[in-house]
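> Okay, predicted coordinates and the sequence, questions at the end:
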Amino acid sequence: MNSINFIGLGHWGPNLVRAFINSQRATVGLVCDLSPSRLATIQRNISTSIRTTSDPLVAANDPAADAVVIATPTNTHFALAKAALEAGKHVLVEKPLAGSVEDAEALVKLAKQRNRLLAVGHVFLFNNGIRAVKNLIAHGDLGNIRYIFSTRTNLGPFRTDVNALWDLGAHDVSIFNYWLDAEPRLATAYGTSYLTPGVEDVVVANFSYPRQVQACVHASWLNPQKVREITVVGERQMVVWNDMDLNEPVRIYHKSVDVERPASDRDPGYVDSFGAFRMLVRSGDVVIPKIDAGQPLDAECQHFLDCLEGKATPINDGAVGLQAVRALAAAQQSMRNCSALTEIAGPVRRAAAA
């Protein structure tokens with residue numbers, strides 16, 4: 001049974017500790033946080049036998065640990081993951097993998113050199129609704145994908161270490177890449193800082209994928225409604241994933257539009273008036289497939305353990321995390337340059353589907 005240390009007990013860290021304990025497939029070693037009160041809360045609510053420390057490097061270098069789970073602010077991911085990998089530990093680090101492409105690339109390279117698993121907490125890759133849409137796309141049920149639009153808003157939680165795109169939009173970029181089995185080639189984004197200078201609270205970013213697929217995300221933590229919804233428009237069908245609908249998260253719309261072009265005596269492909277076009281709207285059934293809600297975080301932790309035990313190939317490894325960081329960094333650069341269309345460095349098509 002693998003022994004796992006944990007660094008970071010803020011918003012998400014306690015959920016990770018609990019998920020691994022509930023798995024009954026790993027033992028919890030050292031748990032680290034800078035806050036004594038958070039450490040006391042973990043001992044009081046989960047187990048008094050959990051050992052604690054306020055020194056993250058002690059947790060990262062602990063000889064008794066097989067793996068380290070990191071759930072700290074983004075600007076600490078690189079240093080902590082690097083320390084753990086150099087100490088020979090497997091690592092699961094929360095998204096985004098790092099705050100820059102250079103740091104993310106260095107972590108992927110280090111993990112490969114040390115033959116250690118580096119996984120990233122792209123938890124929506126373990127969401128049953130997201131996986132159902134992935135199957136629809138992969139099987140061609142929707143036809144060629146035309147565009148994807150995601151809305152991810154809420155009133156908080158507010159962060160100061162990253163903006164809304166790196167915090168919320170990181171989920172959507174990982175989902176886009178997963179669904180399309182590709183990385184975007186271009187990005188453009190616009191964001192505004194209303195609450196904290198230099199930290200965009202509201203961002204709209206657009207990513208251009210191969211085959212003319214556009215994927216847009218509206219990320220905001222300054223919105224009255226909590227929305228987690230993505231619309232996928234295909235050539236033959238359309239689908240809406242709504243994470244807030246626990247009973248019916250996916251709806252498939254048998255709707256599409258074709259453009260009828262009447263034959264011409266002069267040239268079958270020649271059209272010289274608006275009236276020559278006729279939009280043919282097909283409006284069919286709305287299908288709501290049965291999808292078990294599941295527990296994405298539990299599934300992510302089980303998958304990490306499966307990978308450690310050689311039972312699975314990671315779908316959220318460092319390379320996947322690096323792809324997301326590349327797209328986010330390009331969107332960030334676009335925001336700094338008045339929404340200029342920005343090429344995404346080094347896009348590499350994913351070799352393997354999940």
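Received the coordinates, thanks. Predicted, not measured: the structure shown is a model, and the values here were computed from it.
> Now do the contacts for S23.
Residues near S23 by C-beta atoms under 8 Å, 6 or more residues apart in numbering: D298, C301, Q302, L305. C-beta: built from backbone N, CA, C; applies to glycine.
> For the last one, what is the enclosing helix or strand?
With elements taken from DSSP states H and E, the one containing L305 is helix 296-308.
> Tell me which residues of the next helix or strand after that helix come out buried.
Downstream of helix 296-308, the first helix or strand assigned by DSSP H and E is helix 318-336. Neighbour counts over helix 318-336 (16 or more other C-beta atoms under 10 Å) mark 318-335 as buried.
> try stretch 17-33
Neighbour-count burial for stretch 17-33 flags 17-21, 25-26, 28-33 (criterion: 16+ other C-beta under 10 Å).
> Now, these that are in strands?
Using DSSP state E, the subset of the buried residues of stretch 17-33 located in strands is A26, V28, G29, L30, V31, C32.
> Now flag whichever of the residues you listed is closest to R211.
The nearest member of these to R211, counting by C-beta to C-beta, is A26 at 41.2 Å.
> Surely that closest one and A19 touch.
No. Under the criterion of C-beta atoms under 8 Å, A26 is not in contact with A19, lying 9.8 Å apart.
> coming back round to it: what sits up against the helix holding L305?
By C-beta under 8 Å, 6+ apart, helix 296-308 touches 2, 15-16, 19-20, 22-23, 25-26, 66-67, 90, 92, 117, 119, 121, 123-128, 312-316.
> so L92 is in which element?
strand 90-94.
> then whichever helix or strand comes after that strand to CSV, C-alphas only?
Beyond strand 90-94 in the direction of the C-terminus, DSSP H and E gives the next helix or strand as helix 101-114. The C-alpha coordinates for helix 101-114 follow below in CSV (Å, rounded to 0.1, in the frame of the first residue of the first chain):
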residue,chain,number,x,y,z
VAL,A,101,5.3,27.0,-19.9
GLU,A,102,9.0,26.8,-19.0
ASP,A,103,8.3,25.5,-15.5
ALA,A,104,5.7,23.0,-16.8
GLU,A,105,8.2,21.7,-19.4
ALA,A,106,10.9,21.4,-16.7
LEU,A,107,8.6,19.3,-14.5
VAL,A,108,7.6,17.0,-17.3
LYS,A,109,11.2,16.5,-18.2
LEU,A,110,12.3,15.9,-14.6
ALA,A,111,9.5,13.3,-14.1
LYS,A,112,10.6,11.4,-17.2
GLN,A,113,14.3,11.5,-16.1
ARG,A,114,13.4,10.2,-12.6
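> Tell me the buried residues in helix 101-114?
Within helix 101-114, the residues that count as buried by 16+ other C-beta under 10 Å are V101, D103, A104, E105, A106, L107, V108, L110, A111.
> Please work out the average pLDDT along whichever helix or strand comes after that helix.
Scanning forward in sequence from helix 101-114 by DSSP H and E, the next helix or strand is strand 118-121. Here strand 118-121 scores 98 as its mean pLDDT.
> And strand 118-121, how far out from the chain middle?
Here strand 118-121 shows a centroid-to-chain-centroid distance of 11 Å under the convention C-alpha atoms, centre = their mean, to the nearest Å.
> Residues touching it, excluding its own?
Under the criterion C-beta under 8 Å, 6+ apart, residues 12, 71, 81, 85, 90-97, 107-108, 110-111, 300, 304, 307, 314, 316-318, 320-321, 324 lie in contact with strand 118-121.
> Would you mind measuring from D172 to R336?
Applying C-beta to C-beta, to the nearest Å, the value for D172 to R336 is 20 Å.
> Oh, that last question was meant for V204, not what I typed.
On the measure of C-beta to C-beta, V204 and R336 end up 15 Å apart.
> Tell me which residues touch the nearest residue to L195 once chain neighbours are set aside, please.
Once flanking residues are discounted, L195 sits nearest to D201: 5.3 Å by C-beta to C-beta, 6 or more residues apart in numbering. Residues in contact with D201 (C-beta under 8 Å, 6+ apart) are F158, N163, A164, G191, T192, S193, Y194, L195, S220, W221, L222.
> Cross the residues you listed against strands and list the overlap.
Filtering the contacts of D201 for strands - DSSP E - leaves G191, T192, S220, L222.
> Of those, keep whichever come out buried.
For these, buried by 16+ other C-beta under 10 Å: G191, S220.
> Which single one of the ones in strands among the contacts of D201 is nearest to E248?
S220 (24.8 Å).
> close enough to count as contact, that closest one and V202?
Yes. Contact criterion C-beta under 8 Å: S220 and V202 qualify, at 4.4 Å.
> Find residues that contact each of those two.
If you check S220 and V202 against C-beta under 8 Å, 6+ apart, the residues they both contact are A164.
> Just name the shakiest helix or strand of this protein by mean pLDDT.
strand 278-287 (a mean of 84; mean pLDDT, DSSP states H and E).
> Which secondary structure elements does it sit against?
Judged by 3 or more C-beta pairs under 8 Å, 6 or more residues apart in numbering; DSSP states H and E, the packing partners of strand 278-287 are strand 250-260.
> residue boundaries of the helices in the stretch 151-300 of the chain?
164, 170-180, 296-308 (DSSP state H, counting those that start in this stretch).
> what angle sits between the second one and helix 318-336?
Going by axes from the mean of the first three to the mean of the last three C-alpha atoms, to 10 degrees, helix 170-180 is angled at 120 degrees with respect to helix 318-336.
> just the angle between helix 170-180 and strand 90-94, please?
Relative orientation of helix 170-180 versus strand 90-94 (the same axes, to 10 degrees): 110 degrees.
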